[in-house]
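>>> sequence-free structure coming up:
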């Protein structure tokens with residue numbers, strides 16, 4: 001079962017392909033930005049880096065307040081230097097908004 005029966009949580013699955021020298025900068029600025037994400041209701045469920053495969057790939061799973069939270073976050077944080085610095089590290093990015101399935105934990 002998901003965290004609770006009838007879980008209506010919204011999740012954001014983000015896959016980031018970093019530029020060749022972007023990992024250290026990305027990690028530093030994400031640590032600075034995390035409190036800002038949390039302030040607007042985002043919760044980082046997990047952040048993972050590859051052990052095999054493409055070594056510049058980062059995966060985040062966030063629990064977000066709603067499907068439109070991504071646009072709101074970009075409007076609120078877009079002017080922050082750390083937010084702009086993270087974007088400068090990214091070669092490509094994929095986002096998927098999801099809901100929990102009944103058999104998930």
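Right, received. Where do you want to start? None of these values were measured; they are calculated from a predicted model.

>>> Only C-alpha atoms from now on, for both contacts and neighbour counts.
Noted.

>>> And for the residue nearest to residue 78 when sequence neighbours are not counted, the neighbour number?
In space, and not counting its chain neighbours, residue 78 is closest to residue 84: 6.8 Å by CA to CA, 6 or more residues apart in numbering. Applying the criterion other CA atoms under 10 Å, we find 13 residues in the vicinity of residue 84.

>>> Residue 84 contacts residue 74, doesn't it?
No - at 10.4 Å, residue 84 does not count as touching residue 74 under the criterion of CA atoms under 8 Å.

>>> The chain: helices as residue ranges?
23-39, 69-77, 81-89 (DSSP state H).

>>> ok, how many other residues are close to the nearest residue to residue 12 once chain neighbours are set aside?
The shortest distance from residue 12 to any non-neighbouring residue, by CA to CA, 6+ apart, is to residue 97 (4.6 Å). Burial measure for residue 97: 17 neighbouring residues, criterion other CA under 10 Å.

>>> Wait, residue 97 touches residue 15, no?
No - contact between residue 97 and residue 15 fails when scored by CA under 8 Å: they sit 11.9 Å apart.

>>> Surely residue 15 and residue 90 touch.
No - between residue 15 and residue 90 there is no contact, the gap being 10.4 Å when judged by CA under 8 Å.

>>> Show me the shaky parts of the chain.
Scanning the chain for pLDDT under 70 picks out 1-7, 105.

>>> Go ahead and flag the most central residue of the chain.
residue 60 (4.3 Å; CA atoms, centre = their mean).

>>> any idea how far that one lies from residue 47?
Distance of residue 60 to residue 47, computed by CA to CA, to the nearest Å: 4 Å.

>>> what's the answer for residue 14, then?
9 Å.

>>> Between these two, which is the more surrounded one?
Taking other CA under 10 Å, residue 14 and residue 47 do not tie; residue 14 has more neighbours (17 against 11).
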